[in-house]
Every structure is written in C-alpha cells, then in structure tokens.
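A.B. asks: Dropping a prediction and its sequence here:
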Amino acid sequence: MASQAFSERLVKANYDFNNPLDAARFQHTVFEFMKLVKDDSFGDPNGEELMDKFCKLVNDREVWHFAQTVVPEFRSAREEQIHEHTEGGKGYACLNHVLNKLSFLPPRRRNINVFVTEQDVVSQRQRRYVEYLEIRVRGRGAATCSELDDIEDHYSQVEAELDRKQSFLNSTVSPIVADNRKASVRIRDDQSRSAEETASRARDAAKEERAVVVDGELDGMEKDGERIDETEEGTGQAKAKTT
C-alpha cells in the first residue's frame, strides 16, 4: 500500500539538506507523494494519518522551498486554486486535506487580474525553469550573486525568444482575423441586400396584384355601364312603338 511505502520516507532526519543528492531524494519523495495525493489515493484512515505526517514534514522553513520547487500547487495561494479542486464535490478530498494544512502557501493576491494572458503564464513558468536549472535544489536564498546574474541573463534570452514567437503569431494571426471580419461584413451586407431585394419583390408583386384587381373592377364597371345603356335604349324603343 502507498501508506506503507511512504511511512519511512516522511522523516526529516533521513535527509541531509546540505547534501544535493539527499535534497534531490527529498524532492523526489515530495513529488511522488503529491502525485498520489492528487490521484486521491489516501482516502483510508491510514492515508489521512500519512498526509498529516507529510504536512508536518513540509511545514518547516528549512525544507519548504525544496518542496515548493517540485509541486505547482505549493506556489499558488490556497484561495486561488481551492475552487478548482472542489468542482463536483468529489475526487479532490486528499488534495484539499493537504492544502488546508500547509503553513507556507503564498498569500492571496489582492486585485488579482483573472485575465492573465497565456504569454504571462508561460513567462513565469520559464523563469522558474531557469532558476531551477541554475541553482538546482538550493533555492534563491542559497544562490551566489554570480548565479543570480546568470539567471537574469538566461531568462532575458528566454523572454526575448518568447516575444519573438509572440510577434510572429501576431503577424500571422492578425491578417486572418482581419480577413474573417471583412468576410463577416460582406456576408452581413449580402444578407441585408437579399432581404431588401426580397421585400422589394414582394412590394412589386403586391402592386401588380392590386393593379389586376383594379383593372378587373374597371372592366366590370364598363360592362355594367354597357348593359345599363342597352337596357335604357331598349326601353326607349318600346315606348316609341307604344305611342
């Protein structure tokens, strides 16, 4: 069981954090343990006890930054991510249990912009990668001035490359967006013209229909007039004969 496999590994005395190999071994333990936590693999009573033991281990300023480097959830405020882990009310019980017992999660940021661009997210992630490659498991606090300068130099190169790629995407996507907008305008204009033409044809048809009706009524009136004239003429002839 997972509980038995990790019980011995969650003891601080088993690691010498001044030894890079031990520090790396500790990070591997944290990574593997949190992988099982996120899979919700510690739902039994023994698992809850083990999660509490894990939280006690990482709630130590001496080792926290080692754990934070390999677990993304440890780098965000609890309030900013807890809703993602409670959606549906199931599947995140173990992760919530751990997050709620950690002491050194970053504080909630005020006026956080929820519309963080993807480029900003990628940029932040690349900075963390660069820092990790330069100073490994020692953290920024143990880095030398030369190492910190190297981090900034390398990150500037990464940022320049990201900007170049973003510029290329903008130059490629913008014309497509503009063409789509023009096409939408043309379609809308065509639909408008089509509607006007249809309405115009309907009005013309109605006029023709009314003209036919009027012509029919006039023809009927003419015929009625001719019959009246014929009747009066016949009546006049009859009176003349009688006289």
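C.D. replies: Good, I have the coordinates. From a predicted model like this one, the values you see are computed outputs, not experimental measurements.
A.B. asks: Val98 touches Lys53, doesn't it?
C.D. replies: No - contact status for Val98 versus Lys53: not in contact, 11.1 Å apart, counting by C-beta atoms under 8 Å. Any C-beta I mention is one placed from the backbone N, CA and C, and that applies to glycine too.
A.B. asks: Between the two, point out the one with more neighbours.
C.D. replies: Taking other C-beta atoms under 10 Å, Val98 and Lys53 do not tie; Val98 has more neighbours (21 against 14).
A.B. asks: and the helix or strand containing that one, average pLDDT?
C.D. replies: Element membership for Val98 (DSSP states H and E) is helix 93-99. What helix 93-99 shows for mean pLDDT is 88.
A.B. asks: just stretch 27-41 next, same as before
C.D. replies: Averaged across stretch 27-41, pLDDT comes to 91.
A.B. asks: For that stretch, buried residues please.
C.D. replies: Using 16 or more other C-beta atoms under 10 Å as the test for burial, stretch 27-41 gives 27, 29-30, 33-34, 36-38, 40.
A.B. asks: Residues touching it, excluding its own?
C.D. replies: Contacting residues not belonging to stretch 27-41 are listed as 2, 6, 9-10, 42, 47, 51, 54, 58, 66-67, 69-71, 73, 91-95, 98, 137 [C-beta atoms under 8 Å, 6 or more residues apart in numbering].
A.B. asks: Could you rerun that using 7 Å?
C.D. replies: 2, 6, 9, 42, 51, 54, 58, 66-67, 69-71, 91-95, 98, 137 (C-beta atoms under 7 Å, 6 or more residues apart in numbering).
A.B. asks: Any chance you could give me it in CSV, C-alpha atoms only?
C.D. replies: Extracted C-alpha coordinates of stretch 27-41, given in CSV (Å, rounded to 0.1, in the frame of the first residue of the first chain):
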residue,chain,number,x,y,z
GLN,A,27,12.2,16.4,-3.7
HIS,A,28,11.5,13.1,-5.4
THR,A,29,9.7,11.9,-2.3
VAL,A,30,7.6,15.0,-2.2
PHE,A,31,6.8,14.8,-5.9
GLU,A,32,5.8,11.1,-5.8
PHE,A,33,3.7,11.6,-2.6
MET,A,34,1.8,14.6,-4.1
LYS,A,35,1.2,12.6,-7.3
LEU,A,36,-0.7,10.1,-5.2
VAL,A,37,-2.5,12.8,-3.2
LYS,A,38,-3.7,14.4,-6.5
ASP,A,39,-4.9,10.9,-7.6
ASP,A,40,-6.9,10.8,-4.3
SER,A,41,-5.1,7.6,-3.3
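A.B. asks: Now render the buried residues of stretch 27-41 as JSON lines, adding distance to Asn19 and secondary structure.
C.D. replies: Shown next, in JSON lines, are these (distance: C-beta to C-beta, whole Å; DSSP: H, G, I helix; E, B strand; the rest coil):
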{"residue": "Gln27", "distance to Asn19": "13", "secondary structure": "helix"}
{"residue": "Thr29", "distance to Asn19": "14", "secondary structure": "helix"}
{"residue": "Val30", "distance to Asn19": "16", "secondary structure": "helix"}
{"residue": "Phe33", "distance to Asn19": "20", "secondary structure": "helix"}
{"residue": "Met34", "distance to Asn19": "22", "secondary structure": "helix"}
{"residue": "Leu36", "distance to Asn19": "26", "secondary structure": "helix"}
{"residue": "Val37", "distance to Asn19": "26", "secondary structure": "helix"}
{"residue": "Lys38", "distance to Asn19": "28", "secondary structure": "helix"}
{"residue": "Asp40", "distance to Asn19": "33", "secondary structure": "coil"}
